[in-house]
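[1] With the sequence up front, the predicted model follows.
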Amino acid sequence: MSKVRDYSKLAQDIVEILGKDNISNATRCATRLRLVLKDIPTDAKEKISTLPGVISVVINNGQFQIVIGPHVGEVYDAFTELVNVDTTEEEPKGSILNRIIATMSAVFAPFVYILAAAGILQGALILINLAYPAFASTDTYRVFSFISWAPFTFLPIFIAITASKHFKVNTYIAVAISMALVSPDWTTMASEIASGKHLTFFNIPLSETVYTSSVLPPLIMVWLLSYLEKFVEKRLPGVVKPLLTPLICMVIMVPVTILVFGPASAFLANGIANGYNSLVQVAPPLAGALIGGFWQVVVIFGVHWGITPVVMANFDMYGRDSFQAFQTIAVVAQVGAVLGVFLKTRNKELKGVSLSAFITGLFGITEPAIYGVTLRFKKPFIFGCISGAIGAIVASFFNPYYFAYAGLPSLLTVVNGINSEFPTSFIGIVIGCLIALVGSAALVMIFGFGETNETDKELSEDIEGKVRKESIVNYDMPTPIIGEVMALTDVPDEVFASGAMGSGVAVKPTDNKVYAPFDGVVTMVIDSKHAIGLTSDTGIELLVHVGLDTVKLEGKSFKCHVVQGQSVKKGDLLLEFNAEEIEEAGYSLITPVIITNSFEFKSIQTEENNIVNVNDSLLKFN
């Protein structure tokens, strides 16, 4: 295969923009050049994003990640010849704020859809009670109600599970301690304290803080547990370690949490929430403008999880929250911008991407919209921010609130703003959403989205002058890996989910092997062995990326059976991995299967299979 880009020149351009002495660490995975910088130069992200061969730039958890695709190895080789840096994988330390936000993201991302589902159920109950008021007094309602509230009531247990993986502590110990925090017995004791009764623990007064639906107390508890568990295990003999480690951890961490860190962290979250609420009371339009206009900017920088404790504190203290009302309008504005691009463009591929992003945006998932469309062209993103700000300002005059938590605020959750004591709330949210949706779409239709006639016409063509492979039609590509199929847009990685790497699907493996789905050549095998690239004899370029962020395992748990440049036949074993070890290390096994040159084909569709086995079709080329 001939070289289509000067990757040495690309590496040199990246070094010139970032500064040779500014780069302290350089590693790579299957698709990205991962850099740790001393400082991020002004406009570096924008400048590098425009370089030929660069798909996008993501700044995540202290790493400056340049998404290049399957040719990242060539760029990396040229890059390391230009700079003298440590090329071993380094866990970026970053600022305390960056680490806090990274922790929030790692903890909440795995179960956010559970909270979203419960929020939608609460919204459905609100609508049913409006239509049939007598339903609220039925036992059926009571059952559905406690189902919808259960994930929030026992939120600390969810946090214990995910935080234990993030901080690498025993999950069962963390869960046991969180169960004690949400125990009905403690809730009863806290109620007695609140009513004036004096309760103590070894003569130390207990506070009335309860931990159901709390965020910071269980999070801090697991963080402290990570140190205590290591301290205890180093000092216990092996024979008693399995028994005494959980015992010591429980009898220390539960009292410490309810005496010190629980009340302190709850006070902090409540204080921040009260500060925001004061702004809403003093200047509602300003609060609306800030959240409606800049919320999606916060999402881009990955710090949006940091607001969760504030929102949960509002629901806990007042039973309502205005932040999510304004947040919904910001989300809807980006959805409207994507709709505008869909209506405006004449390019078939961009229409497909925009439509997909619009549909997922209706469910509150805006990453495909942002990374795949609006931020890609910049103008739609700006129009969305403007319309979101205007819509939220208008809504602020109607005293808007959410009365049920929405895991993913969206058009589907606006019913959470219905409440008889605040009759204008729902009206304001609806008006704000309409302004955001129609306004951003109209701005794109009127002023365009940054395209030119040439790019709009030929956007789906390869910039190197390749033509579409019209010959590959009605071809069913078998799955390279056995497991459960999921949409690419559901992958919790914005680069894969946005389609920036190409069209495809993801598979949750139920087997530990990757096979060649066609005859071809191995075009990429990286040192960490977690991903492999193939090119079929007919020109299909395939990337199989086992797990997310598994590059950090540095090859542990993976065994590769082929080398780069090797010819393979359909069904040949390419790669094996230890699923249990990968999950124990805290990494997701979700495996994106990407056609990296998907722009060369008319249409690539996912076969309608929930589970794929050997020889089952995974992707259909039309």
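    Structure's in. What do you need? If you're wondering where the values come from, they're calculated on a predicted model, not measured in any experiment. Numbering: from 1, shown residues only.
[2] Mind listing residues that contact whatever helix or strand Val75 lives in?
    In the assignment (DSSP states H and E), Val75 maps to helix 72-82. Helix 72-82 has contacts (Cβ atoms under 8 Å, 6 or more residues apart in numbering) with 7-8, 10-12, 14-15, 20, 26, 28-33, 53, 66, 68, 87, 524, 526. The way it works is simple: take the backbone N, C-alpha and C, and place the C-beta from them, glycine included.
[3] got the buried residues for that helix?
    72-76, 78-79, 82 (16 or more other Cβ atoms under 10 Å).
[4] Which one of those is nearest to Glu494?
    When these are compared for distance to Glu494 (Cβ to Cβ), Val72 wins out at 17.1 Å.
[5] how near is the closest one to Thr31?
    Separation of Val72 from Thr31 (Cβ to Cβ, to the nearest Å): 6 Å.
[6] got it, and Ile17?
    From Ile17 over to Thr31 (counting by Cβ to Cβ), the distance is 20 Å.
[7] Settle it for me: which of those two has more neighbours?
    Thr31 (30 against 16; other Cβ atoms under 10 Å).
[8] That one contacts Met501, correct?
    Yes - if you go by Cβ atoms under 8 Å, Thr31 and Met501 touch, sitting 5.9 Å apart.
[9] what about Ala287, neighbour count?
    22.
[10] How about Phe323?
    21.
[11] Just give the nearest non-adjacent residue to Thr424, would you?
    Residue nearest to Thr424 in three dimensions, not counting chain neighbours: Phe398, with 4.3 Å by Cβ to Cβ, 6 or more residues apart in numbering.
[12] Quick one: residues contacting the one you found.
    Here Phe398 is in contact with 424-425, 427-429, 431 (Cβ under 8 Å, 6+ apart).
[13] Ok, Ile40 next?
    Contacts of Ile40 by Cβ under 8 Å, 6+ apart are 59, 64.
[14] Give me the distance between it and Ala78.
    For Ile40, the distance to Ala78 - Cβ to Cβ - is 22 Å.
[15] ditto for Tyr227
    From Tyr227 across to Ala78, the span is 42 Å (Cβ to Cβ).
[16] And Arg142, by the same measure?
    65 Å.
[17] go on, Leu247?
    Distance from Leu247 to Ala78, by Cβ to Cβ: 56 Å.
[18] ditto for Phe111
    Taken as Cβ to Cβ, the span from Phe111 to Ala78 is 41 Å.
[19] Ile59 falls within a strand, correct?
    Yes - looking at Ile59 with DSSP: H, G, I helix; E, B strand; the rest coil, it is inside a strand.
[20] Please identify the buried residues of the longest helix along the chain?
    Longest helix in the chain, counting residues (DSSP state H): helix 423-447. Judged by neighbour count using 16+ other Cβ under 10 Å, the buried positions of helix 423-447 are 425-441, 443-444.
[21] So what's the gap between it and the chain middle?
    When C-alpha coordinates are averaged (Cα atoms, centre = their mean, to the nearest Å), helix 423-447 and its chain have centres 26 Å apart.
[22] do stretch 186-193 as well
    The answer for stretch 186-193 is 37 Å, by Cα atoms, centre = their mean.
[23] Quick check, Gly340 in contact with Lys379.
    No - with contact defined as Cβ under 8 Å, Gly340 does not reach Lys379; the gap is 9.9 Å.
[24] ok, the two, which is more surrounded?
    Higher neighbour count among Gly340 and Lys379: Gly340, with 32 against 18, using other Cβ under 10 Å.
[25] Need the overlap of contacts for Thr31 and Met501.
    Both Thr31 and Met501 are contacted by 67, 69, 495, 543, under the criterion Cβ under 8 Å, 6+ apart.
[26] can you tell me which helix or strand the last one belongs to?
    It stands for Leu543. Going by DSSP H and E, Leu543 is in strand 541-545.
[27] Can you name the next helix or strand after that strand?
    strand 558-560.
[28] Sheet partners, orientation included, of that next one?
    Strand 558-560 pairs in its sheet with strand 573-577 (antiparallel), by DSSP bridges.
[29] Mind listing what's buried along the helix or strand that comes right after the strand it pairs with?
    Remark: after strand 573-577, the chain's next helix or strand is helix 579-584, criterion DSSP H and E. If you call a residue buried by 16+ other Cβ under 10 Å, then helix 579-584 has these buried ones: 579, 582.
[30] chain center to helix 579-584: distance?
    20 Å.
[31] Next: stretch 244-255.
    33 Å.
[32] residue contacts, the residue sitting nearest the centre point of the chain?
    The centroid of the chain falls nearest to Pro492 when counting by Cα atoms, centre = their mean (4.3 Å). Listed by Cβ under 8 Å, 6+ apart, the contact set of Pro492 reads 109-110, 548, 588, 590.
[33] Give me the number of neighbouring residues for the residue nearest to Lys513 when sequence neighbours are not counted.
    Spatial nearest neighbour of Lys513, excluding adjacent residues (Cβ to Cβ, 6+ apart): Glu576 at 5.4 Å. By other Cβ under 10 Å, 16 other residues sit near Glu576.
[34] re the thing from before, among the buried residues of helix 72-82, which one lies nearest to Ala369?
    Nearest to Ala369 among those: Val72, at 25.4 Å, using Cβ to Cβ.
[35] gap between that closest one and Lys9?
    Applying Cβ to Cβ to Val72 and Lys9 gives a distance of 15 Å.
[36] swap in Asp476?
    39 Å.
[37] Now Gln65, what are its backbone angles?
    Backbone torsions of Gln65, given as degrees, to the nearest 10, read phi -100, psi 120.
[38] Could you report the neighbour count for it?
    Neighbours around Gln65, by other Cβ under 10 Å: 19.
[39] Any figure for the gap between the residue located most distally from the centre of the chain and Leu259?
    What lies farthest from the middle of the chain is Asn203; by Cα atoms, centre = their mean that is 45.2 Å. Here Asn203 is placed at a distance of 12 Å from Leu259 (Cβ to Cβ).
[40] Figure out how far the helix or strand Phe267 falls within is from the centre of its chain.
    Take DSSP H and E as the rule and Phe267 turns out to sit in helix 262-282. Chain-centre distance of helix 262-282: 26 Å, with Cα atoms, centre = their mean.
[41] Can I get that helix in PDB, CA atoms only?
    The C-alpha trace of helix 262-282 is given here as PDB (Å, rounded to 0.1, in the frame of the first residue of the first chain):
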ATOM      1  CA  GLY A 262     -19.400  12.700  56.000                       C
ATOM      2  CA  PRO A 263     -20.700  15.800  57.700                       C
ATOM      3  CA  ALA A 264     -17.700  17.900  56.300                       C
ATOM      4  CA  SER A 265     -18.300  16.800  52.600                       C
ATOM      5  CA  ALA A 266     -22.000  17.200  52.900                       C
ATOM      6  CA  PHE A 267     -21.500  20.700  54.300                       C
ATOM      7  CA  LEU A 268     -19.200  21.500  51.300                       C
ATOM      8  CA  ALA A 269     -21.600  20.200  48.700                       C
ATOM      9  CA  ASN A 270     -24.500  22.000  50.400                       C
ATOM     10  CA  GLY A 271     -22.500  25.200  50.600                       C
ATOM     11  CA  ILE A 272     -21.700  25.200  46.900                       C
ATOM     12  CA  ALA A 273     -25.300  24.400  46.000                       C
ATOM     13  CA  ASN A 274     -26.500  27.300  48.200                       C
ATOM     14  CA  GLY A 275     -24.000  29.600  46.500                       C
ATOM     15  CA  TYR A 276     -25.400  28.700  43.100                       C
ATOM     16  CA  ASN A 277     -29.000  29.000  44.400                       C
ATOM     17  CA  SER A 278     -28.200  32.500  45.700                       C
ATOM     18  CA  LEU A 279     -27.100  33.500  42.200                       C
ATOM     19  CA  VAL A 280     -30.400  32.100  40.800                       C
ATOM     20  CA  GLN A 281     -32.400  34.100  43.400                       C
ATOM     21  CA  VAL A 282     -30.500  37.400  42.900                       C
END
